[in-house]
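A.B. asks: A structural model of the following input is requested.
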Amino acid sequence: MNLKEDYHIHTNYNDHSAPNLTVKNIIKEAERKGLELIALTEHVRKNSEWIPQYLNEISEYKRKSKLKVVTGFEAKIISDGNIDCRDDIARDYFIIASFHTKYYEKSIWINDLKKAIENKYINVIGHLAPESSFHFDTKEIVEINAKYRRPPENWIKAFIKMGVKFHLGSDAHSLDEIGNYESIMKLIKLIKNNFNMLK
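C.D. replies: Numbering: from 1, shown residues only. Next up is the predicted model:
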């Protein structure tokens, strides 16, 4: 984990982010804050029509910056562990897979999560929420999410024992949230302390 990296930033290509959260402004703000790497990960669906414009805009501004800019998407995990994203997009870009639907059957949730973890196109599992019977192995990177302050501490300890890798994501929906990890410093310290104990 690197405090100068932010792997989960949204843009104004959705209807609930700040209007000034443009690709240009995001890169400018990340540079101002001294970040070294950012991932733009807008919410996507299989029928999203704005994808070409989004990709072109990122391509245009990342060429002008010394900042490392990763082009990506956040895709909703849907029934049977698939994601709401076209395969050609998932194959070629950085993908965060997240639950955005409330599950009432724990067994269905666990099954869908296991299948999502097995999905070769998914790079990261985003903002995991608690489930008491969380018992499976994952080789995916797990996001430490500043917006939702997830995963919980007991999960993080279990992940560390399993050798899971972590990275940081602000889940920014406004410019001031980019690279802001104040809300999860306790989780970051927990990870660092536990890794130091394993050395």
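
A.B. asks: show the contacting residues for I58.
C.D. replies: Counting by CB atoms under 8 Å, 6 or more residues apart in numbering, I58 makes contact with V23, L40, V69, T71. Where C-beta positions appear, they are placed from N, C-alpha and C, glycine not excepted.

A.B. asks: can you pull the buried residues of the helix or strand hosting it?
C.D. replies: Assessed by DSSP states H and E, I58 sits inside helix 51-62. Buried residues in helix 51-62, counting neighbours by 16 or more other CB atoms under 10 Å, are found at I51, Y54, L55, E57, I58, Y61, K62.

A.B. asks: Y13: which of these is nearest?
C.D. replies: For those, the minimum distance to Y13 (CB to CB) is 5.4 Å, reached by Y54.

A.B. asks: need the residues that contact stretch 91-98.
C.D. replies: The contact list for stretch 91-98 (CB under 8 Å, 6+ apart) reads 7-8, 39, 41, 70-77, 83, 85, 116, 119, 121-127, 143, 169.

A.B. asks: just these: which are in strands?
C.D. replies: The subset of the contacts of stretch 91-98 located in strands under the criterion DSSP state E comprises 7-8, 39, 41, 70-76, 124-125, 143, 169.

A.B. asks: restricted to buried residues, select those residues in PyMOL.
C.D. replies: Buried members of those, defined by 16+ other CB under 10 Å, are picked up in PyMOL with:
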select buried, resi 7+8+39+41+70+71+72+73+74+75+76+124+125+143+169
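
A.B. asks: ok, back up a step: turn the buried residues of helix 51-62 into a markdown table, including distance to I160 and pLDDT.
C.D. replies: Converted to a markdown table, the buried residues of helix 51-62 look like this (distance: CB to CB, whole Å; pLDDT from 0 to 100):
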| residue | distance to I160 | pLDDT |
| --- | --- | --- |
| I51 | 36 | 97 |
| Y54 | 35 | 97 |
| L55 | 36 | 98 |
| E57 | 38 | 97 |
| I58 | 33 | 97 |
| Y61 | 36 | 96 |
| K62 | 33 | 94 |
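
A.B. asks: out of the residues you listed, who's nearest L35?
C.D. replies: After measuring the buried residues of helix 51-62 against L35 - CB to CB - the closest member comes out as K62, at 13.3 Å.

A.B. asks: would you agree that closest one is in contact with A39?
C.D. replies: No: between K62 and A39 there is no contact under CB atoms under 8 Å: 11.2 Å.
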